[in-house]
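Q: 3D, please:
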Amino acid sequence: MLTNVNSAREAKFIVTFAINPLKMSRKYFRNISILAIVSLLCLAVVQSVWVYRMYNDSVTDFKRRVESAIYKSIYKAFRMDAIPGLADAKYVKINLDDFSLYFEPNLMELDALQPYYAEVLFHDAGDSRVVMTRGERPVLNNPLTTVVPIDDDGLYSLSVCIETPFKVFLGRMWGLIASSVAIIILLAGVLIYLVRTMFRQKTLEEMRRDFTHNITHELKTPISVAVTATDALRNFSADADPDRRSRYLEIVETQLTQLSTMVEHILSVSVEGREYKYNPTVVYLQEIISGLTQGAGMNTGKKPVFNIDCPPDINVMADEFHIKNLLATVIDNAVKYSADPVVGIRVFNKDNEVIIEIEDNGCGISKEHLSHVFEKFYRVPTGDIHTVRGYGLGLYYAKQVAELHKGTISMKSRIGEGTTVTIILPANEQ
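A: So this is what the prediction gives:
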């Protein structure tokens, strides 16, 4: 009893240890995604604030330089010491008419104020009124207004309204803005790429885990059957019954052959970058298909019905081993994924090509998963249902073989309506 309890605890610990990393990886992936998004938003905010401050600094500097230019122009053209004959006079009394007659020509000669609205103001007891105006007052959205005194007593001043040149500022800052946007876009692309790569790695890890789980069961089944048959030969005096002995030996041979086929299949496609051995010969497809359909369904206990339309003279120049495995994979899938399998196989020539169509009445595949069925280790998710096992290499191998023979393989399917696999190979020109 104690041993059983310890075994149960150990099993529970193993299950917990196996499940927690997956949960942690999902949580880790979610946290990384959130952190990446927050970081990108913070960067965008910082860049925006920086550009905005640079713009304000440019406006402030522009206003300072405008005021400096106006002061210099006023000092040169309107100060009393610049009037001929009045340089020694500290105070000069003139009326407004005389003021206008003298200052109006000078106001018109201020080239620095040419594009802007300007007016001369007369200040009296805290009030002001316009003495003279140059040009018409423009409609300004965001003007810079500067008031500069033009006499010693401060009774007269010049008011200048300048429209803020947004286009000029933006033109000068265009390189800065463009580089900031480019940096944000680049970093956003990098973050998206990293997140997608992490998600892809997570998906591949789950696919490898499922592959290990499924291949373990696939390999254990023939081994268990062979061991059971061997025990029967040893323990139940099968030697005294030649028929039973022959039946058990046939079972062992069949299971070991199946095991060897699976191992060779895995080894042939599990190494990236390794080229397949290609020994082309003339292969008659009717002979291959006939042999495959005779043994189909033995492992699943099903009795499939095959409707074959393949002229005996159709042949291809191909590697017989690989072509046989390709067709075996597709036919085996058609039987496995159908409750009462009825499989149609049609072979015909068209435009110097041999077209093989294999159609079943199985459960079908959704459009979401259809584009991934030829990927390595990929298996269509079935939730917690494991009535049909596999290791996600069959269709990947089939695609590699089709491409090896300069052909193609494609699949059409709809949920509940079955699947059609089309294999196109070059016709034998000999």
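Q: make it CA atoms for all contacts and neighbour counts henceforth
A: Fine.
Q: my guess is Ile177 contacts Tyr52. True?
A: No. Using Cα atoms under 8 Å, Ile177 makes no contact with Tyr52, being 9.9 Å away.
Q: tell me which of those two has more neighbours.
A: A direct count of neighbours by other Cα atoms under 10 Å for Ile177 and Tyr52 places Ile177 higher, at 18 against 13.
Q: list the contacts for that one?
A: Listed by Cα atoms under 8 Å, 6 or more residues apart in numbering, the contact partners of Ile177 are Val51.
Q: so it, which of the three states?
A: Under DSSP: H, G, I helix; E, B strand; the rest coil, the three-state class of Ile177 is helix.
Q: repeat for Ile409
A: On the basis of three-state DSSP, Ile409 is classed as strand.
Q: the spatially closest residue to it that is not a sequence neighbour in helix, strand or coil?
A: Counting by Cα to Cα, 6 or more residues apart in numbering, Ile423 is the residue found nearest to Ile409 once chain neighbours are left out, at 4.5 Å. At Ile423 the chain is in strand, as set by three-state DSSP.
Q: one more: Gly362?
A: coil.
Q: contacts only, for the closest residue to it other than its chain neighbours.
A: Sequence neighbours aside, Ser338 is the residue nearest to Gly362 in space, at 3.9 Å (criterion: Cα to Cα, 6+ apart). Contact analysis of Ser338 by Cα under 8 Å, 6+ apart lists Asp360, Asn361, Gly362, Cys363.
Q: ok so Ser338 is a strand residue?
A: No. Secondary structure assignment places Ser338 outside any strand; it is coil (three-state DSSP).
Q: in terms of pLDDT, where does it sit?
A: For Ser338, the pLDDT comes out at 83.
Q: if you skip the residues just before and after it, what's nearest to Met411?
A: Val421 (4.5 Å).
Q: separation between that neighbour and Leu404?
A: Between Val421 and Leu404 the distance, using Cα to Cα, to the nearest Å, works out to 18 Å.
Q: how about residues contacting stretch 253-260?
A: Leu219, Pro222, Ile223, Val225, Ala226.
Q: tell me, how many residues neighbour the last one?
A: A count of neighbours around Ala226, defined by other Cα under 10 Å, yields 21.
Q: name the element it belongs to?
A: helix 174-235 (DSSP states H and E).
Q: what about that helix, average pLDDT?
A: Per-residue scores along helix 174-235 average to 77.
Q: coming back round to it: can you pull the contacts of the residue nearest to Ile409?
A: Counting by Cα under 8 Å, 6+ apart, Ile423 has contacts Ile355, Ile356, Glu357, Ala402, Gly407, Thr408, Ile409, Ser410.
Q: ok, so of those residues, who is nearest Ile289?
A: Of all the contacts of Ile423, Ile289 sits closest to Ile356, with 10.6 Å by Cα to Cα.
Q: what secondary structure does the closest one sit in?
A: Once three-state DSSP is applied, Ile356 turns out strand.
Q: name the residues linked to it by a beta bridge.
A: Bridge pairing for Ile356 (DSSP bridges) gives the partners Val347, Ile423.
Q: tally up the residues packed near it, please.
A: With other Cα under 10 Å as criterion, Ile356 counts 21.
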